[in-house]
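Chemist: Please work out how this folds:
(4 chains)
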4 protein chains.
Amino acid sequence: MPRPSIADRYDQAIADSFLASAGQGAGGLPGYLGIELVRFEPGRLWCRATIRDELLTPFGNAHGGVVAGIVDHITGVVVYPLLKPGQWAATTEIKLNYIAPVKAGLLETESSVVALTNRSAVVRGEVYGADHNLVCAAQGTLTIVDPRPG
Amino acid sequence: MPRPSIADRYDQAIADSFLASAGQGAGGLPGYLGIELVRFEPGRLWCRATIRDELLTPFGNAHGGVVAGIVDHITGVVVYPLLKPGQWAATTEIKLNYIAPVKAGLLETESSVVALTNRSAVVRGEVYGADHNLVCAAQGTLTIVDPRPG
Amino acid sequence: MPRPSIADRYDQAIADSFLASAGQGAGGLPGYLGIELVRFEPGRLWCRATIRDELLTPFGNAHGGVVAGIVDHITGVVVYPLLKPGQWAATTEIKLNYIAPVKAGLLETESSVVALTNRSAVVRGEVYGADHNLVCAAQGTLTIVDPRPG
Amino acid sequence: MPRPSIADRYDQAIADSFLASAGQGAGGLPGYLGIELVRFEPGRLWCRATIRDELLTPFGNAHGGVVAGIVDHITGVVVYPLLKPGQWAATTEIKLNYIAPVKAGLLETESSVVALTNRSAVVRGEVYGADHNLVCAAQGTLTIVDPRPG
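Modeler: From the prediction side, this is the model:
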């Protein structure tokens, strides 16, 4: 079976529905972390996240788990406009390099699909700090799960 | 300089102070994720975390970022009883393998220091689900930061 | 489908055939790297490797790729006694932490299967240097591939 | 101390000396793996590698350790033109995603420095197969080591 092209699989309507719902009722962890989806392109996603003081450690930097949560989210959501109806994607593994401390304030992210098959995707994500400096770079794998027959 | 022994560096008083404060005023991300420290040994830490419904995705599993946040926390805290006064530890990189979906309920974790120098630690962490099955295994590096002079 | 038990799936005859062939005609990369299989248990494997001067960089340490090659091999072979006839295993991803420089001489390794399904395995590997000190720790995923019909 | 710019630190003479020596007397693992340096830019490196039949497993694909060795080499060498005289770089950790099987023949690689401080670098590497398809993507950390006084 030939590998599907990212451009061929991209569904703008799914991207638009994610953008429309983002920040309104996301709730849960993405809401707690202040993540806001900004823009999709085929295999690419840009987001923002606002780090509140509550998310800092006593040392004044964002908890590593905050950045990990943001990265897990942005590297997962980027895949959804490439999925078939009913499919979903689960992180199988991810590796993060923390490059600089993260302070309170605005983060910007970029995530991209590096490779895509019918069953998995390899993704990368980058997080940039208030000075537009790279603060985290990640690379991981998503497993694409088919809907249960029903 | 010879590598410090984990047993030699272990300070039970620091461990006890972490245990005493845990769950009372941790706040921030660890509080949000329901993490509770249970027990330290030299280079080892056991914790619990309770996954509330709020932390699940629409697919009924814990958001990957929830598990990532828990893992980042437990693999960081395990190092603190091995540090000198004023030092702190920052995750430099971490890699997580997600092995099974995580449902709402109780998680148990174990984290350990695999290697320790004066400037860094290599750590591992495991998270177990409600059935005591392994749901996540991680391996990462912490950088040990000296207190600022002053 | 319930997850297969590692003990249930272990086939000593496969392990024995690997041990019998090891070091005699392995050839290729494992032979070049001087890897020798020593002992299997269900989900575990111990090996040795001898680092020749030829495998050192101009700085006197083993090239990182030498250790990576050893780790890829030992974390792959550990799975074979757990596979069905005709199946094979391919590394999907692996992460290595290099903990100390590796000099010429004897290395000892241990690898283990952390989790196993019908389609994949999560594995860990450790490499110990001449002083029995940990020089590398790794964690990765293997995909289990079925034989082609035919 | 401000972070050094990759462009400011780049020394073309070092790059040229690597290119001049490559393929002539590299020997050791890089020679065994058939790696040939092609071109440097500040923070970037392009290489080729020729996979001989000897480097294949019985299943007809390149041994994972072959690709790991290539990736370790290209993500290390890319940093050298950015180092000060006498410094060298050691892989601290690296993570590889294997995306497609690698057959005998020509591979092309690209590696890049994602972040650089005076003490470490975060690097990425990609390997492309005979059809110019991505076969491996990696991300890792190098520690920059100062020359010994003396």
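Chemist: Show me the shaky parts of chain A.
Modeler: Residue ranges of chain A with pLDDT under 70: A:1-4, A:22-27, A:150.
Chemist: What residues does it have near chain D?
Modeler: A:95, A:97, A:99-100, A:114-115, A:122, A:124, A:134, A:137-139, A:141 (CB under 8 Å from any CB of the partner chain). Where you see a C-beta, it was placed from the backbone N, CA and C, and this is true even at glycine.
Chemist: So which of the residues you listed are in strands?
Modeler: Among those, the members found in strands (DSSP state E) are A:Lys95, A:Asn97, A:Val114, A:Ala115, A:Val122, A:Arg124, A:Leu134, A:Ala137, A:Ala138, A:Gln139, A:Thr141.
Chemist: how much space between the last one and B:Ala62?
Modeler: If I follow you right, that is A:Thr141. 18 Å (CB to CB, to the nearest Å).
Chemist: Look at the two and report which has more neighbours.
Modeler: B:Ala62 (28 against 24; other CB atoms under 10 Å in any protein chain shown).
Chemist: Chain A: helices as residue ranges?
Modeler: Taking DSSP state H, the helices of chain A run over residues A:6-9, A:12-21, A:28-32, A:64-77.
Chemist: Which positions in chain A make contact with chain B?
Modeler: Counting by CB under 8 Å from any CB, the residues of chain A near chain B are A:27-30, A:32-33, A:54-57, A:59, A:61, A:63-66, A:68-73, A:76, A:88, A:90-98, A:101.
Chemist: Could you pull up the contacting residues of the residue lying closest to A:Ser120 once chain neighbours are set aside?
Modeler: Nearest residue to A:Ser120 in three dimensions, chain neighbours excluded: A:Thr143, at 5.4 Å (CB to CB, 6 or more residues apart in numbering or on different chains). Residues near A:Thr143 by CB atoms under 8 Å, 6 or more residues apart in numbering or on different chains: A:Ala89, A:Ala90, A:Thr92, A:Arg119, A:Ser120.
Chemist: Just to check, the last one is in contact with A:Thr92?
Modeler: This points to A:Ser120. Yes. If you go by CB atoms under 8 Å, A:Ser120 and A:Thr92 touch, sitting 7.3 Å apart.
Chemist: can you list residues touching both of the two?
Modeler: Counting by CB under 8 Å, 6+ apart, the contacts common to A:Ser120 and A:Thr92 are A:Thr141, A:Leu142, A:Thr143.
Chemist: Which member of these is positioned nearest chain C?
Modeler: A:Thr141 (6.2 Å; CB to the nearest CB).
Chemist: if we can go back for a sec, between the ones in strands among the residues of chain A next to chain D, which sits nearest B:Lys84?
Modeler: Nearest to B:Lys84 out of these is A:Asn97 (CB to CB; 25.9 Å).
Chemist: From B:Leu29, how far off is that closest one?
Modeler: 20 Å.
Chemist: For the residue nearest to A:Arg119 when sequence neighbours are not counted, give the beta-bridge partners.
Modeler: Nearest residue to A:Arg119, sequence neighbours excluded (CB to CB, 6+ apart): A:Ile144, at 5.5 Å. On the basis of DSSP bridges, A:Ile144 is bridged to A:Ala89.
Chemist: these two touch, right, A:Ile144 and A:Ala89?
Modeler: Yes. Shown here, A:Ile144 and A:Ala89 form a contact pair, counting by CB under 8 Å, at 5.5 Å.
Chemist: For these two, work out which one has more neighbours and name it.
Modeler: Counted by other CB under 10 Å, A:Ile144 and A:Ala89 do not tie: A:Ala89 has more neighbours, with 22 against 18.
Chemist: The more buried one against A:Leu142, yeah?
Modeler: Yes. With contact defined as CB under 8 Å, A:Ala89 counts as touching A:Leu142 (4.3 Å).
Chemist: Can you pull the residues of chain A lying near chain C?
Modeler: Residues of chain A lying close to chain C (CB under 8 Å from any CB) are A:Thr92, A:Glu93, A:Lys95, A:Thr141.
Chemist: In contact with the closest residue to A:Thr91 other than its chain neighbours, which residues?
Modeler: Spatial nearest neighbour of A:Thr91, excluding adjacent residues (CB to CB, 6+ apart): B:Gly64 at 4.0 Å. Going by CB under 8 Å, 6+ apart, B:Gly64 touches A:Asp72, A:His73, A:Gly76, A:Ala90, A:Thr91, A:Ile94, B:Tyr98.
Chemist: Could you report the neighbour count for the residue nearest to A:Asn133 when sequence neighbours are not counted?
Modeler: Nearest in space to A:Asn133, with sequence neighbours left out and distances taken as CB to CB, 6+ apart, is A:Ala100 at 5.9 Å. Residues contacting A:Ala100 under the criterion other CB under 10 Å number 17.
Chemist: so who does A:Ala100 touch?
Modeler: So A:Ala100 contacts A:Gly129, A:Asn133, A:Leu134, A:Val135, D:Ala115 (CB under 8 Å, 6+ apart).
Chemist: Mind giving me the PyMOL command for buried ones among those residues?
Modeler: To isolate the buried members of these in PyMOL, using 16 or more other CB atoms under 10 Å in any protein chain shown:
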select buried, (chain A and resi 129+135) or (chain D and resi 115)
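Chemist: Centre of the chain to stretch A:110-130, how far?
Modeler: Mean-position distance between stretch A:110-130 and its chain equals 8 Å (CA atoms, centre = their mean, to the nearest Å).
Chemist: Mind exporting the C-alpha coordinates of that stretch to CSV?
Modeler: Coordinates of the C-alpha atoms in stretch A:110-130 are reproduced here as CSV (Å, rounded to 0.1, in the frame of the first residue of the first chain):
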residue,chain,number,x,y,z
GLU,A,110,5.1,24.9,15.9
SER,A,111,4.4,21.2,15.2
SER,A,112,4.8,19.2,12.1
VAL,A,113,4.3,15.7,10.7
VAL,A,114,7.6,14.3,9.5
ALA,A,115,6.3,11.0,8.3
LEU,A,116,2.8,9.4,7.9
THR,A,117,1.5,6.0,7.2
ASN,A,118,-2.0,4.5,7.6
ARG,A,119,-1.1,3.4,11.1
SER,A,120,1.3,5.9,12.6
ALA,A,121,2.9,9.3,12.3
VAL,A,122,6.3,10.7,13.3
VAL,A,123,6.0,14.2,14.5
ARG,A,124,8.2,17.1,15.7
GLY,A,125,7.3,20.1,17.9
GLU,A,126,9.1,23.2,18.9
VAL,A,127,8.2,25.7,21.7
TYR,A,128,9.5,29.3,21.6
GLY,A,129,9.7,31.6,24.6
ALA,A,130,8.9,35.3,25.1
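Chemist: That's all I had, so thanks and see you.
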